[in-house]
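>>> Need the 3D shape of this:
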Amino acid sequence: MRPDADLIVLGGGCAGLSLGERLVESPRRAQRTIVLEARQAYVADRTWCFWRTAPHRHDALVEKSWSRLRLRSATRTVHVDCREAPYQMLDSGNFYERAEGLIRGSTSVELHLDTKITAEPQRRADHWVVNTSRGTLSARQIIDTRPAMIPREGDAVLWQSFLGHEVECDEPWLDDTVATLMDFAGCLDDGVLFHYVLPVSRTRALIETTVFGPRPLSTARLT
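The predicted model follows:
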């Protein structure tokens, strides 16, 4: 029996969609690829930030780029010139829209939204079988981009907890040429607390609180 696809990608997040994009551009690597994603639709649910060390395929999607950074403690502020490797922000909504558009126009890659994987894939002779909420699929190969496991308290010695909010100001008082990567003005008895302030414009910024400590913190504790 002929498999449904050459490759099934489990998970259509950043990794799964990035792989789908590349296979759209290189269809000979897998003549038919199916990307499975549990979400019913993509929404702008996060941002990704990184150092731009070289030109990249998503240059046109970058929402903001900073060539100056600020680090701050209760007693000192340091400014860093990072023009050679600017700190960039990529909005997930723009990324999802681009990836969906590329895949939608492809004859070799399909994206199946609202499709949950209901059992672990099984190897059968020369192909894999994947049971989903929309039926059974088979492929010669699979790539699993899903997280290996959901972390639980006790699984790690050090936890990173973070909470971000996007704020809009009435007046243009933000300096959007400088990103504050670590503001250590706060303190905790059993952890390290710092804030990010990433101004996207003179009136809008992403503010994130991050804590490294011995246990994960709830949203209420971080607010």
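
>>> does Val167 belong to a helix or a strand, and which?
strand 159-168 (DSSP states H and E).

>>> any low-confidence regions in this structure?
1 (pLDDT under 70).

>>> So what are the structural domains in it, by residue number?
Domain ranges of the chain: 5-45+91-144, 159-222, per automatic domain parsing.

>>> Let me have the ones you listed in CSV, extended by mean neighbour count and distance to Asp81.
For every residue, glycine as well, the C-beta is placed using N, CA and C. Listed next are the domains of the chain as CSV, based on neighbours: other Cβ atoms under 10 Å; distance: least, Cβ to Cβ, whole Å:
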stretch, mean neighbour count, distance to Asp81
domain 5-45+91-144, 17, 25
domain 159-222, 15, 11
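
>>> Adding distance to Ser67, write these out as CSV.
Output for those, formatted as CSV (distance: least, Cβ to Cβ, whole Å):
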stretch, distance to Ser67
domain 5-45+91-144, 19
domain 159-222, 8
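
>>> out of these, nearest to Asp59?
domain 5-45+91-144 (11.8 Å; Cβ to Cβ).

>>> ok, Leu61 to Val167 distance?
Shown here: Leu61 relative to Val167, a distance of 23 Å by Cβ to Cβ, to the nearest Å.

>>> next one: Ser108
For Ser108 relative to Val167 (Cβ to Cβ), the value is 43 Å.

>>> Equivalent analysis for Leu198, please.
11 Å.

>>> any residues touching stretch 141-148, and which ones?
6-11, 13, 15-16, 19, 30, 117, 121, 128, 130 (Cβ atoms under 8 Å, 6 or more residues apart in numbering).

>>> Which neighbouring elements make contact with the strand holding Val167?
strand 204-213, helix 219-222 (3 or more Cβ pairs under 8 Å, 6 or more residues apart in numbering; DSSP states H and E).

>>> Between strand 204-213 and it, find me the angle.
160 degrees (axes from the mean of the first three to the mean of the last three Cα atoms, to 10 degrees).

>>> So what touches strand 159-168?
By Cβ under 8 Å, 6+ apart, strand 159-168 touches 196, 203-217, 219, 221-223.

>>> Just want the angle from the helix or strand just after that strand to strand 204-213.
With elements assigned by DSSP H and E, the helix or strand that comes after strand 159-168 is strand 178-183. Relative orientation of strand 178-183 and strand 204-213, computed by the same axes, to 10 degrees: 20 degrees.
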